[in-house]
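Participant: sequence first, predicted coordinates after that:
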Amino acid sequence: MSLEPLVEFKGAALGYGRRAVVTGVDLTVARGDFLGVLGPNGAGKSTILKTMLGLIRPLKGQVKRHGGSGAPRFGYVPQKEKLDVIYPLSAREVAAMGTYRRFEFFARLRGPTQKDLVSRSLKECGALELAERRYSDLSGGQRQRVLIARALATEPELLVLDEPLAGIDVSTQKALLRLFKGFKEQKRLTVLMVSHRLQAERDLFTHIAWVADGKADFGPAERMLATRRITDVFADEP
């Protein structure tokens, strides 16, 4: 596995206004990693995510991003995505949004290369048969596959999954976990996955950041999962 860093947090304090939510953040997302950002609801996982994506600035310390254009190309799958139902978008059109280098809601697919990329991304997510269906008519699990395909269509250096298993049934969760395992083993894709739980997905992670009590502890998955912190962090979770 490469040790080439894509994102580095160094002594960072993260929060909003002057209020720090998480302090002393030291973690690295290296190319080829599958990083789990884990902890209870409200602990600050989303704050780390927003800072990494550049949506908010660190209050203290440094956040360095490395990539082909100065920062890695992110493929982002939000926790919840609501597309206005007045737009009769198909699943293919939603996935195609990932190929737009600028915000162009009504741009048509431009050329065979772009079309092939969208079809390939949908196929990799098991959603190609949904391509022509209206996005708003899809189930929660089907929408999630389309949103992951949209993120893959960016051809990301770092795929960011924010609570990707939330609000979907158990069988779909298992199917998505198999999909993520393929990203790790076949595509060698660098992935960051945020979760407030720790179930079957624990075997995916190469590294873990535990976020709790205003701190983020970071290390290799085998060491982090071998400590009692697993019980401490999730003691109050259902």
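Facilitator: The structure has been received and is ready for your questions.
Participant: and the residue nearest to residue 18 when sequence neighbours are not counted, how far from residue 215?
Facilitator: Spatially, and ignoring its direct neighbours in sequence, residue 18 is nearest to residue 59 (7.3 Å; C-beta to C-beta, 6 or more residues apart in numbering). All C-beta atoms are positioned from the backbone trio N, CA, C, and that covers glycine. Noted for residue 59: a distance of 15 Å to residue 215, by C-beta to C-beta, to the nearest Å.
Participant: check residue 209 too.
Facilitator: Computed as C-beta to C-beta, the residue 209 to residue 215 distance reads 10 Å.
Participant: between these two, point out the one with more neighbours.
Facilitator: Between residue 209 and residue 215, counted using other C-beta atoms under 10 Å, the more crowded position is residue 209 (26 against 15).
Participant: could you look up the SS state of the more buried one?
Facilitator: The three-state label for residue 209, taken from DSSP: H, G, I helix; E, B strand; the rest coil, comes out as strand.
Participant: run a quick neighbour tally on residue 211.
Facilitator: Using other C-beta under 10 Å, residue 211 has 27 other residues around it.
Participant: look up which residues are beta-bridged to it.
Facilitator: Beta-bridge pairing of residue 211, defined through DSSP bridges, involves residue 216.
Participant: separation between residue 24 and residue 209?
Facilitator: 12 Å.
Participant: mutual contacts of these two, please.
Facilitator: Common neighbours of residue 24 and residue 209, counting by C-beta atoms under 8 Å, 6 or more residues apart in numbering, are residue 216.
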